[in-house]
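1. quick one, what's the 3D model for this:
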Amino acid sequence: MEQITVKEGDSGQRLDKYLGKYLKEAPKSFLYKMMRKKNITLNGKKAQGNEILKEKDEIRLFLAAETIEKFRGAGKEEGVHGLLDIPYEDAQVLFVNKPAGMLSQKAAREDVSLVEYLTGYLQEKEKAGEERGDTFRPGICNRLDRNTSGLVAAGKTVKGLQALSEAFRERTMHKYYLALVRGRIAKPAYIKGYLKKDEKKNQVRITEKEIKGSLPIETRYKPLEISQGGDTLLMVELLTGRSHQIRSHLASIGHPVIGDRKYGEKKSNDRYERKYGVKSQLLHAWKLQFSWEEGTLKGLSERTVTAQPPDLFQKVLEGEGFDEKIYRENKGEES
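-> Numbers count the residues shown, from 1 in each chain. Sure thing, here's the model as predicted:
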């Protein structure tokens, strides 16, 4: 018999989900059978599997040690260790300033992504005494393109991940980007359209009217400053989070993001590459502004998290004569 005391990091999830991760090699049918036969109990009582776990709940496995070992499989995943830029962190969540060039999640088995770095970071925290759940795996709630830098929200516990996911799903998490685009944009605007993705080419198409397989998109932007060369630094609010949305939507109205080799303009891109070494889009997930009902995540009611643009992005802005105060003064609460 093995007794498990549920840790805070694992609380908030269903018992059957917990068991599926704790005994990850066991068939679901086996787990439900063991619960029916009271070979798996919760707080000394027969369990159905749909119970929501709380910290310090007791799960008992009346199974042979060999069976538990077999179904447990390999131990915790190994993370990748390296420095992460973390603008905000508490016991439930953290926000990472992802560098351009890093995948948010694996695209292939051999890839190393932000998730692996998060795993390594939390393993180091665990060694330093911060408790981690027995079944919890780090998870991110928003994905950025490989060559887009900026804020990625991640859960450190089941509750944190659930609350973040709900905030993105219910659009109570407001997402603001910095984008340097070709051409002059003098006024704020709200634009709508439809986006259809070609999975084989990993490229999207924007249309004004709905077509088969397309999804609605909404984007709002505000010009912060126009350079002497006639290009514009925008603050973009992503209202719907579709693949390549900002890049393709801005390109569709004649203002592609500088450095974007997929949707951008070759002449402008080549100029910025020669002058500054820009080889990918100057698009940065700048701010996440969120509000939750009091108590959803202890200590968080309303907050804005801001991520510093990459050094190259700042070098370009300085070189093109943008006033540093323009984008730094916008670091605070959204007005």
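
2. low pLDDT regions in the stretch 101-250 of the chain?
-> Along the stretch 101-250 of the chain, the parts satisfying pLDDT under 70 run over 132.

3. quick one, strands of it?
-> In the stretch 101-250 of the chain, the strands defined using DSSP state E, counting those that start in this stretch lie at 139-140, 149-155, 173-181, 189-198, 203-207, 215-226, 232-238.

4. redo those strands as JSON lines? Include mean neighbour count.
-> C-beta here means a position set from N, CA and C on the backbone, and glycine is covered the same way. What follows is those, written out as JSON lines (neighbours: other C-beta atoms under 10 Å):
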{"stretch": "strand 139-140", "mean neighbour count": "20"}
{"stretch": "strand 149-155", "mean neighbour count": "25"}
{"stretch": "strand 173-181", "mean neighbour count": "23"}
{"stretch": "strand 189-198", "mean neighbour count": "15"}
{"stretch": "strand 203-207", "mean neighbour count": "17"}
{"stretch": "strand 215-226", "mean neighbour count": "18"}
{"stretch": "strand 232-238", "mean neighbour count": "22"}
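
5. adding distance to Lys7, write the ones you listed out as CSV.
-> Below are those laid out as CSV (distance: least, C-beta to C-beta, whole Å):
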stretch, distance to Lys7
strand 139-140, 17
strand 149-155, 15
strand 173-181, 27
strand 189-198, 40
strand 203-207, 42
strand 215-226, 39
strand 232-238, 35
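
6. for Asp85, find the nearest of those.
-> Taking C-beta to C-beta, strand 149-155 is the member of the strands of the stretch 101-250 of the chain nearest to Asp85, at 9.8 Å.

7. how far off strand 173-181 does that closest one point, in degrees?
-> 160 degrees (axes from the mean of the first three to the mean of the last three C-alpha atoms, to 10 degrees).

8. which ones are touching the closest residue to Ala154 other than its chain neighbours?
-> In space, and not counting its chain neighbours, Ala154 is closest to Ile140: 4.8 Å by C-beta to C-beta, 6 or more residues apart in numbering. Each residue near Ile140 by C-beta atoms under 8 Å, 6 or more residues apart in numbering is listed here: Ser104, Gln105, Leu114, Val115, Leu118, Val152, Ala153, Ala154.

9. including distance to Glu126, could those go into TSV?
-> Output for the contacts of Ile140, formatted as TSV (distance: C-beta to C-beta, whole Å):
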residue	distance to Glu126
Ser104	23
Gln105	22
Leu114	18
Val115	16
Leu118	12
Val152	21
Ala153	21
Ala154	15
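
10. and which of these is nearest to Ala91?
-> Proximity of the contacts of Ile140 to Ala91 was ranked by C-beta to C-beta; the top entry is Ala154 with 13.1 Å.

11. wait, the closest one touches Gln92, no?
-> No. Between Ala154 and Gln92 there is no contact under C-beta atoms under 8 Å: 10.3 Å.

12. what pLDDT is listed against Glu334?
-> If you check Glu334, the pLDDT there is 41.

13. out of the strands of the stretch 101-250 of the chain, flag the one nearest Lys325.
-> The closest of the strands of the stretch 101-250 of the chain to Lys325 is strand 215-226. By C-beta to C-beta, the value is 9.7 Å.

14. between the closest one and strand 189-198, how many degrees?
-> Using the same axes, to 10 degrees, the inter-axis angle of strand 215-226 relative to strand 189-198 is 130 degrees.

15. quick one: strand 215-226 to chain centroid distance?
-> Here strand 215-226 is found 20 Å from its chain centre; the criterion is C-alpha atoms, centre = their mean, to the nearest Å.

16. please apply the same query to stretch 48-60.
-> In this view, stretch 48-60 has its centroid 28 Å away from the chain centroid, taken as C-alpha atoms, centre = their mean.

17. residues contacting it, please?
-> For stretch 48-60, contacts defined as C-beta under 8 Å, 6+ apart pick out 1-8, 10-16, 18-19, 31-32, 35, 40-44.

18. in that stretch, what's buried?
-> Residues of stretch 48-60 classed as buried by neighbour count (16 or more other C-beta atoms under 10 Å): Gly49, Glu51, Leu53, Asp57, Ile59, Arg60.

19. following the host helix or strand of the fifth one, which helix or strand comes up?
-> Secondary structure assigned from DSSP states H and E places Ile59 in strand 58-61. Beyond strand 58-61 in the direction of the C-terminus, DSSP H and E gives the next helix or strand as helix 65-72.

20. show me the contacts for Thr157.
-> Glu8, Gly9, Asp10, Ser11, Gly12, Ala91, Gln92, Gly133, Phe136.

21. tell me which residues touch the first one, please.
-> Read it as Glu8. Counting by C-beta under 8 Å, 6+ apart, Glu8 touches Glu55, Glu131, Gly133, Thr157.

22. try 7 Å this time
-> By C-beta atoms under 7 Å, 6 or more residues apart in numbering, Glu8 lies in contact with Glu55, Glu131, Thr157.
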